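> just to be clear, the model below is a prediction. Sequence and coordinates:
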Amino acid sequence: MSVLIKVIFCRILSLFPGIKKAFAAYWYRKVLADFPTEELIFMNYGFSDPSLSRSLNLSAADENNRLCIQLYHQLVSPVDLKNKEVLEIGCGFGGGGAYMAKCFAPRTLTAIDANARSISEATRMHRLENLSFLAADCEKTPFPNNCFDAVVNVESSHCYPSMPRFLKEVYRILKPNGFFLFCDFRQIKMLPSLKRDLEKGRLTVVKETDITGKVCDSLDRLSDSRERLVNSASRGPLRMLMREFAALKGTEVYNSFKTRKYVYLSYVLQK
């Protein structure tokens, strides 16, 4: 894809949020169609930290997804979720929701995603008493006001049509003093816009952490295995797009993290 085409395409997505939403939905359907579900329980870029790796004991089943789990752990661990009502928005195939439900002992953990097939597969793969999955829109959730102690959102919001509308919905469904635990990446030139949106969303920043370096380290460690997966499940132009989606070594996305054109931030915010 030429630079000019990329610029025009990105401009169209920014001007027409509905197109952005439709494209994201189409893209994730393609991922679901071309890749084995069990290989995509986690799709985030991960978090590599030697001290966390030494201190965080995982089951044998979870060990293969350690770096992706550590992204969740660094985000969620500052807040006590035991016996709390928790919502994850943008749960994908449910790996993060299952990990949080097992290891942080919330009373209930509800995980939603706009993709109905993701929800179907997540429900099939993860069976825990305190965990449930539901197909729902991030901007129009089917929950009453003030009903969750914490809302979690991992590496998903960059696909949403409107960050302000999403934050308004998060604020609505959080209980007073509830927490919004949020991590994602942005182009560095878009950080002022993100921070303005967070301020207007009436959520107080308790903690902001730039984790770009540790995400880059994770991408380095995950690149070979993810490249094998991409090569085995995709061909032609789709393979090129999947390499970018996975931020494999040498791709524009990977290089953008390395040069800090993209930055990855982790937030604890409170209502």
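Alright, I've got the coordinates. Residues are numbered from 1 along each chain as shown.

> show me the strands in the stretch 101-250 of the chain, by range?
108-113, 131-135, 148-154, 174-187, 204-210 (DSSP state E, counting those that start in this stretch).

> any chance of these in a markdown table, plus distance to residue 197 and mean pLDDT?
C-beta here means a position set from N, CA and C on the backbone, and glycine is covered the same way. A markdown table is the format used below for those (distance: least, Cβ to Cβ, whole Å; pLDDT from 0 to 100):
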| stretch | distance to residue 197 | mean pLDDT |
| --- | --- | --- |
| strand 108-113 | 21 | 98 |
| strand 131-135 | 25 | 97 |
| strand 148-154 | 13 | 98 |
| strand 174-187 | 11 | 97 |
| strand 204-210 | 12 | 97 |
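
> distance to residue 225 and mean neighbour count for these - can I get that in TSV?
Output for the strands of the stretch 101-250 of the chain, formatted as TSV (distance: least, Cβ to Cβ, whole Å; neighbours: other Cβ atoms under 10 Å):
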stretch	distance to residue 225	mean neighbour count
strand 108-113	24	24
strand 131-135	26	19
strand 148-154	20	24
strand 174-187	21	20
strand 204-210	26	13
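
> so can I have TSV of those showing distance to residue 266?
Converted to TSV, the strands of the stretch 101-250 of the chain look like this (distance: least, Cβ to Cβ, whole Å):
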stretch	distance to residue 266
strand 108-113	19
strand 131-135	23
strand 148-154	9
strand 174-187	4
strand 204-210	5
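
> and for residue 136, the neighbour number?
By other Cβ atoms under 10 Å, 19 other residues sit near residue 136.

> residues contacting it?
For residue 136, the contacting residues are 112, 113, 114, 142, by Cβ atoms under 8 Å, 6 or more residues apart in numbering.
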